[in-house]
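Q: How does the following fold in three dimensions:
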Amino acid sequence: MRRARVTVAYDGTNFHGFAPNRNVRTVLGELKVAIEKVVRIPVRLVGAGRTDTGVHAWGQVVSCDLPARCNLEGLTRSVNSMCGPEIAVRDWVWTDDPEFSARFSATYRHYRYNVLNTPESNPFVARTAWHVVEPLRIWAMQLACDPLIGEQDFTSFCRCPKLVEGEAPPSLARRVFSADWKPVVGDVPGLLRFEIRANAFCHQMVRSLVGTLVRVGLGEIHAGDMRAILVQRDRTAAGQVAPPHGLVLWEVGYD
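A: Next up, the predicted model:
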């Protein structure tokens, strides 16, 4: 057996998230079934990060052990024929590190969130962008990103984790390396994109940030309020959770 690493893209619209879940269709569940049909042995897949129902990915990474004789090019073609077009294997390589883990070896995750800011909808991006009709002040949204940089406690922007009796509550501190809004130049007028890179993310953290930043863009709160929301460490202080379909796990980084 040999450790392999695969980069996967998927449209999460019709999946109940990435991680395996009994009796519902998930991305990792579909991948596992397809891979095992080809290699004819049970495989254990480890993903770099979980994505919720409706969330997409371009650079999700999965690690697993496969027979050393396995032809990765042939395996890629077979899996793509069974799982496409909703799931696509972009790259499959052998790793030199037998202890490599898509999850625990990762040094950063990079997410994108798309917002369509036009009076009318656009059917060609309806599955991948949140449509906000009211005009957004992108300069204010950019200013509001500044307090997010560095190591912060993101309790105000995370879904409260389940507490285990007898154990300390898990830390919701994360280190954000970059965060910014910018207009997307191309064939889709009014498309805005939020990009954020951090060592890790809490559950619903990116979508909670986007929901609050859109409130800044609408003028409902000020850019300077972001710092105050952070230090409150209270989920009710932040804005709504943005819809899942605008979010994409874009890249996972490794040393």
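Q: can you count the residues close to Val8?
A: 27 (other CB atoms under 10 Å). No exception for glycine: its C-beta is placed from N, CA and C like everyone else's.
Q: Which residue, other than its chain neighbours, is closest to it?
A: Counting by CB to CB, 6 or more residues apart in numbering, Gln60 is the residue found nearest to Val8 once chain neighbours are left out, at 4.7 Å.
Q: which helices and strands does the helix or strand that contains the one you found pack with?
A: If you go by DSSP states H and E, Gln60 is part of strand 56-66. Judged by 3 or more CB pairs under 8 Å, 6 or more residues apart in numbering; DSSP states H and E, strand 56-66 is in contact with strand 2-10, helix 27-39, strand 46-47, strand 247-254.
Q: of those, which approaches Leu72 most closely?
A: Across the helices and strands packed on strand 56-66, Leu72 has its closest neighbour in strand 2-10 (6.8 Å, CB to CB).
Q: what about the helices and strands packed on strand 56-66, which gets the closest to Gly74?
A: helix 27-39 (7.9 Å).
Q: who are the neighbours in contact with Leu247?
A: Leu247 makes contacts with Thr51, Val55, His56, Tyr111, Arg112, Tyr113, Val206, Arg207, Val210, as judged by CB atoms under 8 Å, 6 or more residues apart in numbering.
Q: Who is the residue nearest to Lys182 when sequence neighbours are not counted paired with across the strands?
A: Excluding the flanking residues, the one nearest Lys182 by CB to CB, 6+ apart is Arg193, at 5.9 Å. Beta-bridge partners recorded for Arg193 (DSSP bridges): Asn114, Lys182.
Q: Next, format the contacts of Leu247 as a markdown table and append neighbour count and distance to Gly253.
A: Compiled in a markdown table, the contacts of Leu247 are given as follows (neighbours: other CB atoms under 10 Å; distance: CB to CB, whole Å):
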| residue | neighbour count | distance to Gly253 |
| --- | --- | --- |
| Thr51 | 24 | 17 |
| Val55 | 26 | 19 |
| His56 | 25 | 19 |
| Tyr111 | 26 | 12 |
| Arg112 | 19 | 14 |
| Tyr113 | 27 | 18 |
| Val206 | 25 | 16 |
| Arg207 | 24 | 21 |
| Val210 | 27 | 21 |
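Q: just curious, which of these is nearest to Trp94?
A: Nearest to Trp94, judged by CB to CB, of the contacts of Leu247 is Thr51 at 25.5 Å.
Q: From the contact counts, what lies against whichever helix or strand Gly211 is part of?
A: Using DSSP H and E, the element containing Gly211 is helix 205-217. Here helix 205-217 touches strand 106-116, helix 138-143, strand 173-183, strand 191-198, helix 225-232, strand 247-254, going by 3+ CB pairs under 8 Å, 6+ apart.
Q: if we go to 7 Å?
A: Here helix 205-217 is seen to pack against strand 106-116, helix 138-143, strand 191-198 when contacts are counted using 3 or more CB pairs under 7 Å, 6 or more residues apart in numbering; DSSP states H and E.
Q: From the contact counts, what lies against the shortest one?
A: When contacts are defined as 3+ CB pairs under 7 Å, 6+ apart, helix 138-143 packs onto strand 173-183, helix 205-217.
Q: Identify the residues contacting Asn114.
A: Asn114 makes contacts with Thr128, Ala129, Leu191, Arg193, Gly246, as judged by CB atoms under 7 Å, 6 or more residues apart in numbering.
Q: Cys145 now?
A: Cys145 makes contact with Ala179, Asp180, Trp181, according to CB under 7 Å, 6+ apart.
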